[in-house]
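1. what follows is a protein structure lacking sequence information:
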């Protein structure tokens with residue numbers, strides 16, 4: 001099932017909004033490293049300097065997964081702006097991530 005793309009400005013994050021993103025990973029696994037690389041690239045392309053990435057390594061402390069109810073890794077959680085959004089996987093599907101984070105603004 002493909003998520004819908006925001007079709008007007010009221011459905012997408014305003015351009016001046018700051019995003020706090022939390023990426024849950026498991027050590028230096030290939031999927032974790034790929035997710036971080038993909039996330040940084042997407043943020044640089046679409047958010048410029050309006051973002052903060054917090055990387056939570058569950059290999060160091062698995063108890064940290066409870067706060068955001070993490071059940072799979074890697075998982076990206078958008079903490080701000082609210083509401084919270086989650087995306088599971090290595091974030092290689094750029095459109096899915098952009099739509100999931102509500103960054104895309106597309107005219108009809």
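-> Happy to help now that I have it. Since this is a predicted model, take the numbers as computed values, not measurements.
2. and the longest helix for the protein?
-> helix 30-46 (DSSP state H).
3. just checking: what are the partner strands of the next helix or strand after that helix?
-> Helices and strands here follow DSSP states H and E; after helix 30-46, the next one along the chain is strand 51-57. Here the strand partners of strand 51-57, with direction, are listed using DSSP bridges: strand 19-25 (parallel).
4. and the partner strand, which residues are buried?
-> For strand 19-25, burial by neighbour count (16 or more other Cβ atoms under 10 Å) applies to 19, 21, 22, 23, 24, 25. Every residue, glycine included, has its C-beta placed from N, CA and C.
5. who are the packing partners of the longest helix of the chain?
-> For helix 30-46, the packing partners by 3 or more Cβ pairs under 8 Å, 6 or more residues apart in numbering; DSSP states H and E come out as strand 19-25, strand 51-57, helix 94-100.
6. could you export these to JSON lines, including columns for mean pLDDT?
-> Compiled in JSON lines, those are given as follows (pLDDT from 0 to 100):
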{"stretch": "strand 19-25", "mean pLDDT": "97"}
{"stretch": "strand 51-57", "mean pLDDT": "96"}
{"stretch": "helix 94-100", "mean pLDDT": "93"}
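7. could these be laid out in CSV, adding distance to residue 70?
-> Converted to CSV, the helices and strands packed on helix 30-46 look like this (distance: least, Cβ to Cβ, whole Å):
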stretch, distance to residue 70
strand 19-25, 5
strand 51-57, 8
helix 94-100, 16
